[in-house]
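Q: Kindly return the folded structure for what I paste below:
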Amino acid sequence: ILTDEIKKATSDLQNANVKLQDLDKLKDDFVSIASHELRTPMTAIRSYVWMSLHRSDIPLSDKLKRYLYRTLISTERLINLVNDLLNVSRIEGGKIEVTPVSLDIIALVKDVIEDIKAKADEKKIKLFILDHPNMPKVFADPDKIREVLLNLLGNSLKFTYPDGTITVDFFTDGRLLDISVKDTGAGISKEDLGRLFQKFGRLENSYVSMSTSGGTGLGLYISKSLVELMKGKIWATSEGGGKGTTFTFSLPIATETVIKEAAKYSNVVSED
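A: A predicted model of the protein is given here:
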């Protein structure tokens with residue numbers, strides 16, 4: 001009798017698990033479809049608002065300009081949220097394609113720094129790159145690493161006070177290369193460090209929740225997922241509130257062994 005009860009309980013548990021998997025897939029499909037449908041009209045709204053601000057054929061009052069600017073900022077936040085949701089859906093559905101190549105990481109960092117320099121200047125934040133001669137190339141997907149860098153540098157910009165600094169540094173042990181983004185901003189309590197990379201990981205009274213521009217915490221979750229897809233790791237350190245934060249991620253160096261090993265599982269071609 002006990003054996004029959006165990007079999008029934010096991011069968012019920014298996015059925016419940018199948019139903020949960022089906023519901024989870026429906027949820028992912030809904031998020032993906034809804035995000036795609038939302039992105040198109042929001043992009044149109046952003047374009048028309050931008051043209052109203054910068055290409056208007058009639059004079060705009062200061063009050064109307066302020067309203068339009070706020071509309072533009074809010075629409076951009078929504079578009080960023082939709083893009084994050086799409087990325088999470090692709091990651092969790094195993095639909096993210098990673099194409100690693102032999103990559104000059106310092107050149108890529110300099111390129112990303114150039115993209116965000118105007119925003120840093122606006123906030124009076126100084127950006128530094130500690131260049132190192134003869135730094136080896138990494139084996140990573142340039143587009144995905146650009147997204148990771150934009151997420152990390154964007155976070156530092158949000159939480160670094162005016163006249164602060166953000167420094168990008170590099171270190172290698174010959175097998176991995178560490179890229180660190182260190183800021184002099186708000187910092188984060190030690191008890192919250194472990195929650196940073198969780199999905200929707202907004203933290204109370206700390207780094208993420210202090211953002212004046214909002215956010216969901218998805219950026220760090222996405223960054224962690226992308227770095228791990230490229231056989232790397234990501235972590236954060238901080239000495240506490242007001243003492244800045246350092247985000248570091250590691251990537252494999254593009255050695256012949258690493259490239260040949262990757263080629264066994266894909267049609268990867270290295271690029272110099």
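Q: Start from the N-terminal end of the stretch 51-200 of the chain and give the helices.
A: 62-92, 105-122, 142-159 (DSSP state H, counting those that start in this stretch).
Q: ranking those by burial, who's on top?
A: Using mean count of other Cβ atoms under 10 Å, the stretch among those with the largest mean neighbour count is helix 142-159, at a mean of 21. Where C-beta positions appear, they are placed from N, C-alpha and C, glycine not excepted.
Q: and that one, average pLDDT?
A: Mean pLDDT, helix 142-159: 92.
Q: which helices and strands does that helix pack with?
A: If contacts are counted by 3 or more Cβ pairs under 8 Å, 6 or more residues apart in numbering; DSSP states H and E, helix 142-159 sits against strand 101-103, helix 105-122, strand 165-172, strand 176-183, helix 218-229, strand 245-252.
Q: roughly how far is it from the heart of the chain?
A: Mean-position distance between helix 142-159 and its chain equals 6 Å (Cα atoms, centre = their mean, to the nearest Å).
Q: try stretch 96-112
A: On Cα atoms, centre = their mean, the centre of stretch 96-112 falls 15 Å from that of its chain.
Q: cool, and stretch 66-85?
A: Per Cα atoms, centre = their mean, the centroid offset for stretch 66-85 relative to its chain is 17 Å.
Q: was I right about G174 contacting I253?
A: Yes. Using Cβ atoms under 8 Å, G174 makes contact with I253 at a distance of 7.2 Å.
Q: When these two are compared, which one has more neighbours?
A: I253 (20 against 8; other Cβ atoms under 10 Å).
Q: Tell me what the more buried one is bridged to.
A: I253 forms beta bridges with V138, as assigned by DSSP bridges.
Q: Can you tell me how far it is from R70?
A: 46 Å (Cβ to Cβ, to the nearest Å).
Q: again, but for D111
A: From D111 to R70 the distance is 31 Å (Cβ to Cβ).
Q: can you check A107 too?
A: A107 is 37 Å from R70, by Cβ to Cβ.
Q: Then G240?
A: Where R70 is concerned, G240 sits at a distance of 34 Å (Cβ to Cβ).
Q: Next: A120.
A: Taking Cβ to Cβ as the measure, A120 falls 22 Å from R70.
Q: likewise K243?
A: Distance, K243 to R70, using Cβ to Cβ: 33 Å.
Q: One more: I179?
A: For I179 relative to R70 (Cβ to Cβ), the value is 35 Å.
Q: for D169, same thing?
A: For D169, the distance to R70 - Cβ to Cβ - is 37 Å.
Q: what does K8 give?
A: 59 Å.
Q: One more: G242?
A: The value you get for G242 to R70, if Cβ to Cβ is used, is 29 Å.
Q: low-confidence ranges in the stretch 1-150 of the chain?
A: In the predicted model of the stretch 1-150 of the chain, residues 1-2, 24-32, 35-36 satisfy pLDDT under 70.
Q: who are the neighbours in contact with L149?
A: L149 makes contact with L108, V109, V112, I179, V181 under the criterion Cβ atoms under 8 Å, 6 or more residues apart in numbering.
Q: Dump the residues you listed to a markdown table, plus distance to R77.
A: Formatted as a markdown table, the contacts of L149 follow (distance: Cβ to Cβ, whole Å):
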| residue | distance to R77 |
| --- | --- |
| L108 | 26 |
| V109 | 26 |
| V112 | 21 |
| I179 | 27 |
| V181 | 22 |
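Q: and which of the residues you listed is nearest L85?
A: When those are ranked by distance to L85 (Cβ to Cβ), V112 comes first, at 22.9 Å.
Q: So that closest one sits against G154, correct?
A: No. The pair V112 and G154 does not pass the contact test of Cβ under 8 Å, sitting 9.9 Å apart.
Q: tell me how far the ends of stretch 51-71 are from each other?
A: Using Cα to Cα, to the nearest Å, the gap from the first to the last residue of stretch 51-71 comes to 12 Å.
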